[in-house]
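> Here you go, sequence then predicted model.
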Amino acid sequence: MEIILKQDVANLGYKDDIVTVKNGYANNYLLPQGMAIIATPSNKKIHAENLRQRARKDEKIRKDAETLQAALEGKTVTLKAKVGENGQLFGSINNIQVAEALKEQHNYEIDRKQIVVDGSKIKEVGTYKAQVNIFRDIKAELDIEVVAE
C-alpha cells in the first residue's frame, strides 16, 4: 500500500515521503496514529502542491543546518563522571548528558533525540564518537571525552 507520511517515522522515512508498506502496518498502525494518509491520486496532487510551496522554506532550513554541521564537526565535548577503581563509571553517559554538555561548553542547543551516541551508552572512561542528526541527510560527528571527576 502506498502512503504519504505526515511525520518522520524511524526506519521508514521522513515527513512528506511517499513510501510503500504492507497493508497491515498501514491500516493497523500508521493510519490510526495519524502518521500517514493513503496516497490516492487526489492526495498525491495536494501533496505535490504542498511540496512546491514548502521548497523555499526547506532551502533556508538546509542552509542553517549546513552551517550548524560545519560548526559542530570535530568539536569535543568533555564530560566528568564518578569512576570506580578499574575505570568503570558509576552509571552511564547517555545522549541527554551529551546535549546538556554541548549547550554548556559550546553554546549549541541540540535536541537530545538528534544525538546518537556510539554504542548507545557509555560506561567507561575514554573517547567516544557521537552523531548529531541535524536535518534529514545532514549529520555531524562529535567526539565525547569522558574523564574521571
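Received it, and whenever you're ready, just let me know what you need. Values in this document were obtained by computation on a predicted structure and should not be read as measured data.
> Tell me how far the residue of the chain positioned farthest from its centre lies from Thr127.
Relative to the centre of the chain, and counting by Cα atoms, centre = their mean, the farthest-placed residue is Glu85 at 34.8 Å. Distance of Glu85 to Thr127, given as Cβ to Cβ, to the nearest Å: 20 Å. (Each C-beta comes from the backbone N, C-alpha and C, glycine too.)
> Ok, Ile4 next?
Distance from Ile4 to Thr127, by Cβ to Cβ: 43 Å.
> Likewise for Asp111?
Applying Cβ to Cβ to Asp111 and Thr127 gives a distance of 24 Å.
> Same question for Glu145.
Here Glu145 is placed at a distance of 5 Å from Thr127 (Cβ to Cβ).
> Nearest residue to the most centrally placed residue in the chain in space, please, no chain neighbours.
The centre of the chain sits closest to Gln114, judged by Cα atoms, centre = their mean, with a distance of 3.1 Å. In space, and not counting its chain neighbours, Gln114 is closest to Asn133: 4.9 Å by Cβ to Cβ, 6 or more residues apart in numbering.
> Now tell me what touches stretch 75-94 from outside.
Applying Cβ atoms under 8 Å, 6 or more residues apart in numbering, the external contacts of stretch 75-94 come out as 97-98, 101-102, 105-106, 117, 120-126, 130, 142-149.
> wait, what's in contact with Lys15?
Each residue near Lys15 by Cβ under 8 Å, 6+ apart is listed here: 5-8.
> how near is Val117 to Met35?
Distance of Val117 to Met35, computed by Cβ to Cβ: 26 Å.
> Between these two, tell me which one has more neighbours.
Val117 (20 against 17; other Cβ atoms under 10 Å).
> you'd agree the more buried one is up against Ala130?
Yes. Applying Cβ atoms under 8 Å, one finds Val117 in contact with Ala130, separated by 4.9 Å.
> Residues in contact with both of the two, list them for me.
With contacts taken as Cβ under 8 Å, 6+ apart, the residues that reach both Val117 and Ala130 are 95, 98, 144.
> Next up, phi/psi of Glu85, please.
phi -70, psi -40 (degrees, to the nearest 10).
> pLDDT score for it?
Glu85 is assigned a predicted lDDT (pLDDT) of 85.
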